[in-house]
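Colleague: Got a sequence here, can you model it:
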Amino acid sequence: MMRGRRKSVASALAEVLGRHRETGDAAIAAAFAEACGSQLIRVASFRGVMRDGRLLILVTGPEWAAQVTALSDQLCARINARLGRTAAPGLDVRVGTFQRDP
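Modeller: Next comes the predicted model:
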């Protein structure tokens, strides 16, 4: 029997992967998905960590780039809180195309 609040798959993954630093990009990707929520994650994709530590985020259009950029402080705070460390010092938001993994 399940009690309490239901967790999304992204939330469960971020929680498990966040406990282990060696999970790297997978933990950040899961935490990013959770931070974005079900609507924003449809148009934004974590693609990796830049040399300066910022997260590379692709979005589907310039309007979404503006939205994600405006939310970057909040998204980074959520990612860092979920992982318990500073994994997201900032975002590098770019417009591009991407396919979701099945």
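
Colleague: in this structure, which spans are helices?
Modeller: In the chain, the segments counted as helices under DSSP state H are 9-18, 24-40, 62-70, 72-83.

Colleague: Go ahead and flag the most central residue of this structure.
Modeller: Closest residue to the average C-alpha location of the chain: residue 32 at 1.1 Å, with CA atoms, centre = their mean.

Colleague: Just the pLDDT for that residue.
Modeller: pLDDT recorded at residue 32 is 96.

Colleague: my read: it touches residue 75, true?
Modeller: Yes: Residue 32 is in contact with residue 75 according to CB atoms under 8 Å; the separation is 7.3 Å. (C-beta placed from N, C-alpha, C; glycine too.)

Colleague: Which residues are in contact with each of the two?
Modeller: Common neighbours of residue 32 and residue 75, counting by CB atoms under 8 Å, 6 or more residues apart in numbering, are residue 88.

Colleague: any idea how far the residue nearest to the centre of the chain is from residue 96?
Modeller: Remark: distance between residue 32 and residue 96 (CB to CB, to the nearest Å) = 16 Å.
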